[in-house]
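Trainee: give me a 3D structure for the following:
(2 chains)
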Amino acid sequence: EAQVTQNPRYLITVTGKKLTVTCSQNMNHEYMSWYRQDPGLGLRQIYYSMNVEVTDKGDVPEGYKVSRKEKRNFPLILESPSPNQTSLYFCASSQAGTQYFGPGTRLTVL
Amino acid sequence: SQKIEQNSEALNIQEGKTATLTCNYTNYSPAYLQWYRQDPGRGPVFLLLIRENEKEKRKERLKVTFDTTLKQSLFHITASQPADSATYLCALEPTGAGSYQLTFGKGTKLSVIP
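Mentor: Okay, the predicted model is just below:
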């Protein structure tokens, strides 16, 4: 089944404790991206990647890092999480403009 | 500044009627516009894509129009059903930007009342 998977689905952590949210797709898509979704603000792009070893900032990249060492994986790294990064995070992969979203990761930073 | 506006946060309609959702944009020249459906706590799901040189696109009970002069897209669900209740997002990609710069509207929450 073609899909985008994210782990973990839910995470509660404390300020400053480094964490990684994994994202994997099995559709051989070149393009992947990360979004966060907050009430009243909608979906906002954090980072995107056009291919292996090619990444770039989206609209809200501060406080986040990404890497793209393999085509299928695009992890999101929060080196020092802060409470304002509490949000619902979505990974997506894309082919021909259509985005396929993962199930989401709900992150709470205390 | 660039803006995408879905001018209804919420829309309630009676089952069987046609739901019409609006997406307006300013200061963009999009290559195409897309509509997604999102259920609570889940990722958006792609519904339809319409290109700048297309006026209308249909898929089953769904219809999308795209007026680049008015800078507006309309999304219609005919013969609406309670199962159509969800939040609908429009998204566009500026011409030449590539599929990696998709910008989303904030969505319209549709409730279809039995």
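
Trainee: please spell out which residues along the host helix or strand of residue A:34 are buried.
Mentor: Residue A:34 is part of strand A:31-38 when elements are defined by DSSP states H and E. Across strand A:31-38, burial judged by 16 or more other Cβ atoms under 10 Å in any protein chain shown covers A:31, A:32, A:33, A:34, A:35, A:36, A:37. All C-beta spots, glycine's among them, are computed from the backbone N, C-alpha and C.

Trainee: pretty sure the fifth one sits against residue A:94.
Mentor: Spelled out, it's residue A:35. No: Residue A:35 is beyond contact range of residue A:94, at 11.9 Å (criterion: Cβ atoms under 8 Å).

Trainee: quick one on the thing from earlier: is the strand holding residue A:34 anywhere near chain B?
Mentor: Yes: applying Cβ under 8 Å from any Cβ of the partner chain, one finds that strand A:31-38 is in contact with chain B at A:31, A:33, A:35.

Trainee: could I get the residues you listed as JSON lines with pLDDT and distance to residue B:4?
Mentor: Formatted as JSON lines, the residues of strand A:31-38 next to chain B follow (pLDDT from 0 to 100; distance: Cβ to Cβ, whole Å):
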{"residue": "A:31", "pLDDT": "92", "distance to residue B:4": "20"}
{"residue": "A:33", "pLDDT": "95", "distance to residue B:4": "17"}
{"residue": "A:35", "pLDDT": "96", "distance to residue B:4": "14"}
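
Trainee: chain B against chain A: which residues are in contact?
Mentor: B:32, B:34, B:36, B:41-46, B:49, B:89, B:91, B:93, B:98-107.

Trainee: go again with 7 Å.
Mentor: Within chain B, the positions adjacent to chain A are B:32, B:41-44, B:46, B:49, B:93, B:99-100, B:102, B:104-107 by Cβ under 7 Å from any Cβ of the partner chain.

Trainee: sorry, back to before: who touches both of residue A:35 and residue A:94?
Mentor: Here residue A:35 and residue A:94 share no contacting residue, scored by Cβ atoms under 7 Å, 6 or more residues apart in numbering or on different chains.

Trainee: spatially nearest residue to the closest residue to chain A within chain B (excluding sequence neighbours)?
Mentor: Residue of chain B nearest chain A, by Cβ to the nearest Cβ: residue B:43 (3.1 Å). Leaving aside its sequence neighbours, residue B:43 sits nearest to residue A:101 (Cβ to Cβ, 6 or more residues apart in numbering or on different chains; 3.1 Å).
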